[in-house]
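Novice: sequence first, predicted model second:
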Amino acid sequence: MKTYTVLKTKTPASFSTAEILTDFYSPWTEDKVPPMTFRALWNEKSFLFRFEVFDTDIHTFVETNHKMEVVHSDRVEIFLRRDEQLDPYFCLEMDPLGRVLDYKTQYYRKFEYEWQWPGKDDLEVKAEFIPNGYRVEGTISLHSLNELGLLKNGILEAGLFRGKCLSPAPNPVFNWISWIHPDSESPDFHIPSAFGKLLLV
């Protein structure tokens, strides 16, 4: 299983001290993957992360600004699971406007979109457009990770993904990009083999 080391940091955190993950690719197409990076840190209270996507062709869908509109937009994603049975696991899909589609699900694809990350102060996400792309940063309280049964002996089992929107709504088409190569012949992140380990050291 692939691993990424999450270094401990002081407050305020500087992502310049984090290890840089660039190992992303498209398992199901031969399309060139626009470069992206992932960085993460942790402190006594929180797990902190940053995605940076370098791409000049970015699509977002805005109608009522409901969180489900994220599924029609360019986005980055973190899935977090308790165990290989995916019973349950939790998903954060985040677009360049800072909107978050948070939901709980069980294998296989039993989505509970009405679910929300517990505690308004336990999850903070912000996003911004940067030259040639966008950046998404987030903070998740260790308290909520522990309450959800996700942080075990300093390990988070996580999937790190991107949905690159190739054509806008109402009929968006995506190139699916992943840190892990899931064991599936068609695009699917909602399976056990899509996860790696984030090691908090």
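Specialist: That came through, no problem.
Novice: and for the nearest residue to L41 once chain neighbours are set aside, the neighbour number?
Specialist: Of all residues beyond its chain neighbours, the one nearest L41 is T9 (4.2 Å), with distances taken as C-beta to C-beta, 6 or more residues apart in numbering. Every residue, glycine included, has its C-beta placed from N, CA and C. Residues contacting T9 under the criterion other C-beta atoms under 10 Å number 17.
Novice: burial count for L166?
Specialist: Taking other C-beta under 10 Å as the criterion, the count of residues near L166 is 13.
Novice: may I see the buried residues of the lengthiest strand in the chain?
Specialist: Of all the elements of type strand in the chain, the one with the most residues (DSSP state E) is strand 155-167. Neighbour counts using 16 or more other C-beta atoms under 10 Å place 156-165 of strand 155-167 among the buried residues.
Novice: pretty sure K10 is touching W42, no?
Specialist: No. Counting by C-beta atoms under 8 Å, K10 sits too far from W42 to count as a contact (11.0 Å).
Novice: more neighbours, the two?
Specialist: Between K10 and W42, counting by other C-beta under 10 Å, W42 is the more crowded of the two (24 against 10).
Novice: just the element for G138, please.
Specialist: Under DSSP states H and E, the secondary-structure element containing G138 is strand 133-141.
Novice: can you spell out which helices and strands pack onto the following helix or strand past that strand?
Specialist: Going down the chain from strand 133-141, the next helix or strand is helix 142-147, by DSSP H and E. Helices and strands in packing contact with helix 142-147 are listed as strand 46-54; criterion 3 or more C-beta pairs under 8 Å, 6 or more residues apart in numbering; DSSP states H and E.
Novice: so which elements touch the strand it packs on?
Specialist: Packed on strand 46-54, when contacts are counted by 3+ C-beta pairs under 8 Å, 6+ apart, are strand 36-42, strand 75-81, strand 133-141, helix 142-147, strand 155-167.
Novice: what ranges of this protein fall below the confidence cut-off?
Specialist: Across the chain, nothing is flagged by pLDDT under 70.
Novice: partners of the nearest residue to V70 once chain neighbours are set aside in the sheet?
Specialist: Distances taken as C-beta to C-beta, 6+ apart put L101 closest to V70, at 4.0 Å, once the chain neighbours are dropped. Note on L101: beta-bridge partners by DSSP bridges are E93.
Novice: wait, L101 touches H66, no?
Specialist: No. Under the criterion of C-beta under 8 Å, L101 makes no contact with H66, lying 9.4 Å away.
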